[in-house]
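# build the 3D model from these lines:
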Amino acid sequence: MKVAVFYKEEKEKEAIFVKDKISKEHEVVFFDRVFVTPPQGTELVVVVGGDGTMLRAARVVPNATPLVGFKAGRIGFLTSYTVDDVDRFLEDLRDRNFREEKRWFLKAKVGGDVVLALNDVVLERDLSGKMVEIEVEVEGHSSMWFLADGVVVASPTGSTAYSLSIGGPIIFPESEVLVVSPIAPQFFFTRSVVVPSWLRVDIRCQREINLIADGMMVGKVKNLTVEKAERYVRILRPHGYDYVKVVKDKLGYGRKIE
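Below is the predicted model:
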C-alpha cells in the first residue's frame, strides 16, 4: 500500500518512528510537515499530531483517500491511535479491521469566494471593537437577531471545539445538523440553535468583522452564507472505537463520579 505521512512540525521524532514502522510493510511515498496534496496514487494518509494537524491534512487530501490520525497533541478527537499503538494499527491495516467515519465540510460563501471548514466558521469582532448586531436567517424561516461579539456555525465535527467552549451542545459526528451559537451575547438566555444540515444559513452583520475558518483568519466580511459542502474526509477508526468514551476521557463530560 502507498502511504503518505504528514506530521506536526514539533513532532518530527514521533513521525519518524511511525514512518519507519510503516515502511517495513508498506511504501511510504511522502513524508513531510508541509501540507500539500499527496502524490497521485496515495492510498492512505497517516497524520501524526493533534486535531489541528488533522484539520490541515483534511484540506489537501482528496475525498476518496482515507486518513488515520496518531495522537501527538493535546485533545485528539480526530485521531484514532497513539504513537505507541502503531503495531496495533499495522495489524488492523493488514486485516482491514476499520470502521469509517465520513466527516463533511462547511462551505462559507462570501460574494463569489468559497471558504471550506471542517470544524467551524466564525464571525468575530476585533478585541478593541464594540458588540455587533447580527442577523441570522435559516433558509425558509424568519430571522433571529443577536447583539454579541460574533457567531459560530459549527459542523458536528466542530461541536467539541469553539462551539462547545461557548456553551454549544456535543453532537455525535454522524448527525446531519449545523449548530449556530452567538459569542458572548448581551442576553444570557440566548442559546445555540441546531439546524438541519440541508438548510442554508445566511448571516448579516451591522459592520464588517473577522471571518475565521477552522482557526485561520480569512479576512473581514459583513455578509456570509454557510451551508453543508459536498467535500468530505474519510477517517478510519479501529473497531470498538467509542465516541462517548472519548468525550468522557478528554472532556470529563458524563464521567461517573465515585
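# and the worst-scoring helix or strand of the chain on mean pLDDT, C-alpha only, in CSV?
Sorting the helices and strands of the chain by mean pLDDT, DSSP states H and E puts helix 243-251 at the bottom, at a mean of 89. Taking Å, rounded to 0.1, in the frame of the first residue of the first chain, the C-alpha atoms of helix 243-251 are listed here in CSV:
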residue,chain,number,x,y,z
TYR,A,243,-17.2,8.3,20.8
VAL,A,244,-18.8,8.6,24.2
LYS,A,245,-15.7,7.2,25.9
VAL,A,246,-13.6,9.7,24.1
VAL,A,247,-15.9,12.5,25.3
LYS,A,248,-15.6,11.2,28.9
ASP,A,249,-11.9,10.7,28.8
LYS,A,250,-11.0,14.0,27.1
LEU,A,251,-13.6,16.4,28.4
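# quick check: buried residues in it?
Within helix 243-251, the residues scored as buried using 16 or more other C-beta atoms under 10 Å are 246-247. To be clear about C-beta, it is placed using only N, CA and C from the backbone, and glycine gets the same treatment.
# again with stretch 12-27
14-15, 17-19, 22, 26.
# just the mean pLDDT for it, thanks.
Stretch 12-27 shows a mean pLDDT of 95.
# ok, back up a step: which one of the buried residues of stretch 12-27 sits closest to Lys109?
Set against Lys109, the nearest of those by C-beta to C-beta is Ala15 (35.7 Å).
# next up, phi/psi of the closest one, please.
Listed backbone geometry of Ala15 is phi -70, psi -40, with angles given as degrees, to the nearest 10.
# and it, how close does it get to Arg231?
26 Å (C-beta to C-beta, to the nearest Å).
# burial measure for the closest residue to Phe98 other than its chain neighbours, as a count.
Leaving aside its chain neighbours, Phe98 sits nearest to Leu236 (4.3 Å; criterion: C-beta to C-beta, 6 or more residues apart in numbering). Other residues lying near Leu236 total 23 when counted by other C-beta atoms under 10 Å.
# just the helices in the chain please.
Secondary structure of the chain (DSSP state H): helices at 12-23, 51-60, 86-95, 162-165, 243-251.
# pLDDT weak spots in the stretch 151-258 of the chain?
Where the stretch 151-258 of the chain drops to pLDDT under 70, the residues are 188-189.
# what segments of it are strands?
Per DSSP state E, counting those that start in this stretch, the stretch 151-258 of the chain carries strands over the ranges 177-183, 193-196, 201-213, 216-238.
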